[in-house]
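K.L.:
Got a predicted structure here, sequence first:
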Amino acid sequence: GAVVSQHPSRVICKSGTSVKIECRSLDFQATTMFWYRQFPKKSLMLMATSNEGSKATYEQGVEKDKFLINHASLTLSTLTVTSAHPEDSSFYICSARDSETQYFGPGTRLLVL
Amino acid sequence: GESVGLHLPTLSVQEGDNSIINCAYSNSASDYFIWYKQESGKGPQFIIDIRSNMDKRQGQRVTVLLNKTVKHLSLQIAATQPGDSAVYFCAERTGGFKTIFGAGTRLFVKA
């Protein structure tokens, strides 16, 4: 079946630095990718929807200048957490869709010290 | 706004028993519903789905029931096994592929 990968799987960074997370669709072209955020013992919250070659659409309350999303190709989307703070520590999960199905990545654990 | 919620945050069952996980949704325009399983530190795993023109769908050991009248969704797991222990999320879509997740239920299976 279709696979979505994320890199890195976990990252620790200092407060004030920026962190980039990659999401790749491995055997299909993803016209749309989604980024979710999940706090411990909580549900997945949709952050943004990105379409290849266009600007991402952010959900209400998500700062677009804080969470930069780039979807430059049909197989790669990146999420950059800029000037990270401890409250940005979370589990970030991407999802990619082909024409019929949505597939989820394994997630990236971000810890900001 | 859209919201999908669950009645029970945790569920503990004996191995071999059947499990029922419930979910309430509020958007009557949702036309597609999905159940996901999430193990610790991993992404959601698709279990089963159902479209709004159906009220029941069966898979291997799992059954999803949809009651549009009361906006209720349930996941039934037959002969629950220790490997079924995880957090289960219901999710809904309205039109496109924007998937909204419910709060989640943690299932504990006692051996």
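P.N.:
Cool, got the structure. Numbers count the residues shown, from 1 in each chain, chains lettered A, B, ... in the order given.
K.L.:
State the helix or strand in which B:F46 lies.
P.N.:
Element membership for B:F46 (DSSP states H and E) is strand B:45-51.
K.L.:
is the helix or strand following that strand anywhere near chain A?
P.N.:
Secondary structure here is assigned by DSSP H and E; on that basis, the next helix or strand after strand B:45-51 toward the C-terminus is strand B:56-58. No - Strand B:56-58 lies out of reach of chain A by C-beta under 8 Å from any C-beta of the partner chain, never closer than 15.8 Å. To be clear about C-beta, it is placed using only N, CA and C from the backbone, and glycine gets the same treatment.
K.L.:
Walk me through which strands strand B:56-58 pairs with, and which way each runs.
P.N.:
For strand B:56-58, the pairing partners within the sheet under DSSP bridges are strand B:62-67 (antiparallel).
K.L.:
what does chain B have sitting close to chain A?
P.N.:
Of all the residues in chain B, those in contact range of chain A (C-beta under 8 Å from any C-beta) are B:36, B:41-46, B:89, B:97-104.
K.L.:
I only care about those residues that end up buried; give me the PyMOL line for that.
P.N.:
The following PyMOL selection, which keeps only the buried ones among these, applies the criterion 16 or more other C-beta atoms under 10 Å in any protein chain shown:
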select buried, chain B and resi 36+43+44+89+97+98+99+100+101+102+103+104
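K.L.:
any low-confidence regions in the chain?
P.N.:
Looking at chain A here, since you left the chain open. A:1-2 (pLDDT under 70).
K.L.:
sorry, should have said chain B
P.N.:
Counting by pLDDT under 70, chain B contains low-confidence residues at B:1-8.
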